[in-house]
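>>> Everything below, folded, please.
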Amino acid sequence: MDYTQIKVNIDERVGVITLCHPPRNSFTKRMLVEVLDALDQFESNDVVRAVMMNSEGADFSKGADFDDIDEEWTGEGEIKETFSQLGGKLVARVDFYPKPTLVAARGVCFGGSAAVFSSFDIRIVGENFQLHDGDIYYGTVGSWGMSSLRLPVWIGRNRILDYMFLNESFNGQQLYEMGMVSKVVADELVDSVGLAYAKKMSKAAPIAARAFKECVRRATLPN
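Below is the predicted model:
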């Protein structure tokens with residue numbers, strides 16, 4: 001597949017997916033399909049032992065692309081799967097990915113992109129990173145399979161209720177205290193620190209890493 005809204009490369013044993021859809025890095029259906037394809041390619045590549053996602057520009061992603069949403073409503077879009085289907089597929093793919101995953105993010109992460117961000121094993125963010133998800137105030141429930149099913153398991157009942165009902169643009173330190181992010185670093189260090197940790201994760205024995213992640217899922221996810 002030709003990638004038009006992401007960039008991919010392999011740095012040592014880390015497969016890197018970079019969102020590059022200016023000016024908002026919005027998730028279009030095309031971007032969702034491209035990321036899913038890149039994950040498939042990295043999974044089948046024995047050189048790649050960990051996967052990292054980052055972005056170009058000031059913001060990680062400002063959610064779903066409005067033009068694609070309009071096309072979905074009119075039925076004119078080229079990709080017929082809905083945003084809900086593709087977004088849910090991506091969140092589940094990252095959540096159940098057999099190799100260690102890491103996301104390095106700065107700037108704003110809004111709406112559906114918050115679901116994608118939250119699904120990674122390790123989440124490195126900048127001090128001025130802002131995460132905002134207002135689904136319940138828009139009249140929807142996490143249609144990408146995030147708040148309704150996964151976050152209560154990942155961070156706990158009280159924290160997910162704080163996150164959704166307070167509905168604030170939580171910064172990096174607040175998110176760390178809530179258990180939403182793994183580490184907070186200076187904004188300019190997000191990519192380099194993220195890559196350093198991804199390279200560390202890539203040194204884990206592949207069979208052991210796969211088995212460990214499967215054990216964690218079985219221990220935490222409802223039957």
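>>> all strands in this protein, in order from the N-terminus.
Assigned by DSSP state E, the strands in the chain fall at 6-11, 14-19, 50-55, 101-105, 108-110, 122-126, 130-132, 170-171, 183-185.
>>> TSV please, covering those and showing mean pLDDT.
TSV is the format used below for these (pLDDT from 0 to 100):
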stretch	mean pLDDT
strand 6-11	98
strand 14-19	98
strand 50-55	98
strand 101-105	98
strand 108-110	92
strand 122-126	98
strand 130-132	89
strand 170-171	90
strand 183-185	98
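>>> Which of those has the highest mean neighbour count?
With neighbours defined as mean count of other Cβ atoms under 10 Å, those peak in mean count at strand 101-105, which reaches a mean of 27. From N, CA and C alone the C-beta is placed, and that goes for glycine too.
>>> between it and strand 14-19, how many degrees?
40 degrees (axes from the mean of the first three to the mean of the last three Cα atoms, to 10 degrees).
>>> Which strands or helices does strand 101-105 pack on?
strand 50-55, helix 112-118, strand 122-126, helix 190-201 (3 or more Cβ pairs under 8 Å, 6 or more residues apart in numbering; DSSP states H and E).
>>> Please repeat the previous calculation with a cut-off of 7 Å.
If you count contacts as 3 or more Cβ pairs under 7 Å, 6 or more residues apart in numbering; DSSP states H and E, strand 101-105 packs onto strand 50-55, strand 122-126, helix 190-201.
>>> what packs against the shortest one?
The contact analysis (3+ Cβ pairs under 7 Å, 6+ apart) places strand 122-126 against strand 101-105, helix 172-178, strand 183-185, helix 190-201.
>>> now the longest one, how far from the chain's geometric center?
Per Cα atoms, centre = their mean, to the nearest Å, the displacement of helix 190-201 from the mean C-alpha position of its chain is 16 Å.
>>> which outside residues touch it?
With Cβ atoms under 7 Å, 6 or more residues apart in numbering as the test, helix 190-201 has contacts from 11-12, 14, 50, 52, 54, 100, 102, 104-106, 122, 124-126, 185.
>>> now it and strand 101-105, what's the angle there?
170 degrees.
>>> tell me the mean pLDDT over helix 190-201?
In this model, helix 190-201 has a mean pLDDT of 98.
>>> you'd agree P100 is up against P206?
No: look at P100 against P206 with Cβ atoms under 7 Å: they stay out of range, at 9.4 Å.
>>> what's the span of stretch 165-175 from first residue to last?
Separation of the first and last residues of stretch 165-175 by Cα to Cα, to the nearest Å is 15 Å.
>>> which of P100 and P206 has more neighbours?
The residue with more neighbours, out of P100 and P206, is P100; 25 against 16, by other Cβ atoms under 10 Å.
>>> how about the more buried one, phi and psi?
Phi and psi for P100, reported as degrees, to the nearest 10, are phi -60, psi 140.
>>> That one and S118: what is the separation?
P100 sits 16 Å away from S118, going by Cβ to Cβ, to the nearest Å.
>>> which stretches of this protein have low pLDDT?
66, 68-77, 140-149, 222-223 (pLDDT under 70).
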